[in-house]
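Visitor: Need a 3D model of the following:
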Amino acid sequence: MSLSSVTLALLGAFLTFYLAKHNRLDAIRASAILAIIAYLILLTTEFNAELYSSIFFGGTFIGMSAPKRFGIYTLFSASVIFSILFDNLVPYLSNFGGALGISGFLSICVCQIAIVLGAPRSKKPL
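Guide: Below you'll find the model as predicted:
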């Protein structure tokens, strides 16, 4: 797990979370717009654009599910869990798509189970 993958997952989740609150955008459009912009930005850098844009896109999965269920602290936790799971699942799955979906799903499930078992929730955003 690298700091850049955690940072990209957090950026993807929080930007989607806040962009999806606008009246003209829903969570799916916010995720798509941000993923395209992130990919174009990463193409101009020396980073592996395919890998890091996949991590960012996976972070947007977290942000898409969060506006109705999670607060900011849970969003942060789910993003960190996502980046850990993604880094550990990529070697076992042949493509990024499988690792993205499973990592996103499991990170949301872990946080939801923690909330059901009594973990403190962050306040719902206004």
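Visitor: Just give the nearest non-adjacent residue to the residue with the shortest distance to the centre of the chain, would you?
Guide: Nearest to the mean C-alpha position of the chain, by CA atoms, centre = their mean, lies residue 59 at 1.6 Å. Closest residue to residue 59 apart from its sequence neighbours, by CB to CB, 6 or more residues apart in numbering: residue 12 at 2.6 Å. Backbone N, C-alpha and C define where each C-beta goes, glycine included.
Visitor: which ones are touching the residue nearest to the centre of the chain?
Guide: 8-13, 16, 79, 82-83 (CB atoms under 8 Å, 6 or more residues apart in numbering).
Visitor: Which members of those are positioned in strands?
Guide: Secondary structure of the contacts of residue 59 is defined by DSSP state E; no position falls in strands.
Visitor: ok, back up a step: element containing the residue nearest to the centre of the chain?
Guide: helix 49-69 (DSSP states H and E).
Visitor: And that helix, what's buried?
Guide: By neighbour count on 16 or more other CB atoms under 10 Å, the buried set for helix 49-69 is 49, 51-67.
Visitor: Stretch 30-44 now?
Guide: 30-31, 34-35, 38-39, 42.
Visitor: ditto for stretch 102-115
Guide: 102-104, 106-108, 111-112, 114-115.
Visitor: So for the nearest residue to residue 16 once chain neighbours are set aside, what pLDDT did the model give?
Guide: Sequence neighbours aside, residue 63 is the residue nearest to residue 16 in space, at 2.9 Å (criterion: CB to CB, 6+ apart). For residue 63, the model assigns a pLDDT of 89.
Visitor: Many thanks, have a good one.
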